[in-house]
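*Asks:* here is the input, now give the coordinates:
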Amino acid sequence: MSWITRLQDRWKVKSVFQVIIILIVFACTGFTVLLIKRPLFAYWFPNGEIPLWASIAYWILIFPVYNLFLLFYGFIFGQFRFFWDFEKRFFARLFSNFKK
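*Replies:* Below you'll find the predicted structure:
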């Protein structure tokens, strides 16, 4: 069994094409998050020195932004339902660990 068919089974999607689209959405989201950091920091810190607190704040704030971009790209590529369910499962697991 190839890795794509394993993802298809794990994600419970109908076709290999849908798996590829989902992987493209993850890639687009990652590249977007990667590409927005430099212009934001250049705007906020024009002298080029980025304080440690700004980097820490970026990593904390990028978490919800990443999830919004994931839903946005999921909508653009026609996979919103999959990513909406993915987000719900992710946050359910995340917050259930805090309760323990």
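
*Asks:* name the SS class of residue 48, please.
*Replies:* Secondary structure, DSSP: H, G, I helix; E, B strand; the rest coil: residue 48 is coil.

*Asks:* for burial, what's the neighbour tally of it?
*Replies:* Counted with other CB atoms under 10 Å, residues neighbouring residue 48 total 7. Heads up, the C-betas are built off the backbone N, CA and C, glycines and all.

*Asks:* ok, now the one 3 residues further on?
*Replies:* Burial of residue 51, expressed as a neighbour count using other CB under 10 Å, amounts to 9.

*Asks:* what of residue 16?
*Replies:* Neighbour count for residue 16, taken as other CB under 10 Å: 13.

*Asks:* so it touches residue 3, yeah?
*Replies:* No. With contact defined as CB atoms under 8 Å, residue 16 does not count as touching residue 3 (10.9 Å).

*Asks:* now the helix or strand hosting residue 59: buried residues?
*Replies:* For residue 59, the host element (DSSP states H and E) is helix 52-76. Buried residues in helix 52-76, counted by 16 or more other CB atoms under 10 Å: 58, 67, 69-74.

*Asks:* and the worst-scoring helix or strand of the chain on mean pLDDT, what does it pack against?
*Replies:* Every helix and strand in the chain was compared by mean pLDDT, DSSP states H and E; the lowest is helix 80-99, with a mean of 85. Applying 3 or more CB pairs under 8 Å, 6 or more residues apart in numbering; DSSP states H and E, we find helix 80-99 packed against helix 16-44, helix 52-76.

*Asks:* and the first one with helix 80-99, angle?
*Replies:* In this structure, helix 16-44 runs at an angle of 70 degrees to helix 80-99, with axes from the mean of the first three to the mean of the last three CA atoms, to 10 degrees as the basis.

*Asks:* and helix 16-44, which residues are buried?
*Replies:* Neighbour counts using 16+ other CB under 10 Å place 18-19, 21-22, 25, 28-29, 33, 41 of helix 16-44 among the buried residues.

*Asks:* then stretch 76-93?
*Replies:* In stretch 76-93, counting by 16+ other CB under 10 Å, buried: 77, 79, 82-83, 86.
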